[in-house]
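K.L.:
sequence plus the predicted model coming up.
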Amino acid sequence: DYDDFVVISMLEQMLDAAKPYESYFPNEQEVVAHSEAAETIWKDRSGFNKSVKQFIDDIEFALNAEPESLDDFKPMFAKITNNCKSCHQVYRMK
């Protein structure tokens, strides 16, 4: 069964995790022994920041919409997860 309380709680946690995300990557690339961050983050910083902003905006949209059913929530969550996928394809090493 769809539980709007669980959905809103999950979205709030995602938003809390995403808001400081840009700050995890300093303006100058650092050599880190174990990182999956691609150089593209630094070579295309404005694109990276735009991707992070879009991710946050889509989470906030879903939160503000307060979806009351699974049918309402599915397209919103699909948009959020597509942001994850597209960002990882460009800004994360495989």
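P.N.:
Yes, it's here.
K.L.:
quick one: the helices in this protein, in order.
P.N.:
Listed from the start of the chain, the chain has helices (DSSP state H) covering 4-18, 40-43, 45-65, 70-91.
K.L.:
lowest mean pLDDT across those helices, which one is that?
P.N.:
When the helices of the chain are ranked by mean pLDDT, helix 40-43 comes last with a mean of 90.
K.L.:
identify each buried residue in that one, please.
P.N.:
By neighbour count, and taking 16 or more other C-beta atoms under 10 Å as the criterion, the buried residues in helix 40-43 are 41-42. Using the backbone N, CA and C atoms, a C-beta is placed for each residue, glycine as well.
K.L.:
got the CA positions of it in CSV?
P.N.:
These are the backbone C-alpha positions of helix 40-43, laid out as CSV (Å, rounded to 0.1, in the frame of the first residue of the first chain):
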residue,chain,number,x,y,z
THR,A,40,34.1,16.2,-15.7
ILE,A,41,32.9,17.7,-12.4
TRP,A,42,35.8,20.2,-12.6
LYS,A,43,35.9,20.6,-16.3
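K.L.:
looking at the helices of the chain, spot the one closest to E28.
P.N.:
Closest to E28 of the helices of the chain is helix 40-43 (C-beta to C-beta; 7.5 Å).
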